[in-house]
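**Q** build me a model:
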Amino acid sequence: MVFGSNHINGIESFWAYAKLRLSRFKGLPKHTFYLHLKETEFRFNNRREDIYKRLLKLLTERPIE
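**A** Residues are numbered from 1 along each chain as shown. Sure thing, here's the model as predicted:
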């Protein structure tokens with residue numbers, strides 16, 4: 001079933017990507033798992049872009065203080 005642009009295959013695709021990416025760490029501390037998952041989400045959503053250029057643009061617009 002499709003709701004707008006969301007589709008079950010997209011969710012399965014993300015989790016396959018996340019499991020592959022996070023398995024490289026051979027375990028994560030529980031308190032940092034959320035941050036790793038959010039980074040994986042960012043990388044998945046921007047996988048067709050040059051992430052380095054994307055991060056530079058974001059940091060230029062909103063610098064870390």
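**Q** per-residue pLDDT of R43, please?
**A** On pLDDT, R43 comes in at 90.
**Q** what about this protein, any weak spots by pLDDT?
**A** Within the chain, the ranges that satisfy pLDDT under 70 run 1-8.
**Q** go through it and flag its longest helix.
**A** Secondary structure of the chain per DSSP state H: the longest helix is helix 8-23.
**Q** check which helix or strand the residue positioned nearest the centre of the chain maps to.
**A** Among the residues of the chain, E41 comes closest to the average C-alpha position under Cα atoms, centre = their mean, at 1.9 Å. Secondary-structure element containing E41, defined by DSSP states H and E: helix 33-45.
**Q** run the angle between that helix and helix 8-23 for me.
**A** 120 degrees (axes from the mean of the first three to the mean of the last three Cα atoms, to 10 degrees).
**Q** which ones are touching E41?
**A** Contact criterion Cβ atoms under 8 Å, 6 or more residues apart in numbering gives 14, 18 as the residues in contact with E41. C-betas here are computed from N, CA, C, even on glycine.
**Q** what's the distance between it and T32?
**A** 15 Å (Cβ to Cβ, to the nearest Å).
**Q** swap in L56?
**A** With the distance defined as Cβ to Cβ, L56 ends up 24 Å from T32.
**Q** now swap in E65 and tell me
**A** According to Cβ to Cβ, E65 stands 22 Å off from T32.
**Q** quick one, which of these two is more surrounded?
**A** Set side by side, E65 and T32 show more neighbours around T32, with 10 against 3, by other Cβ atoms under 10 Å.
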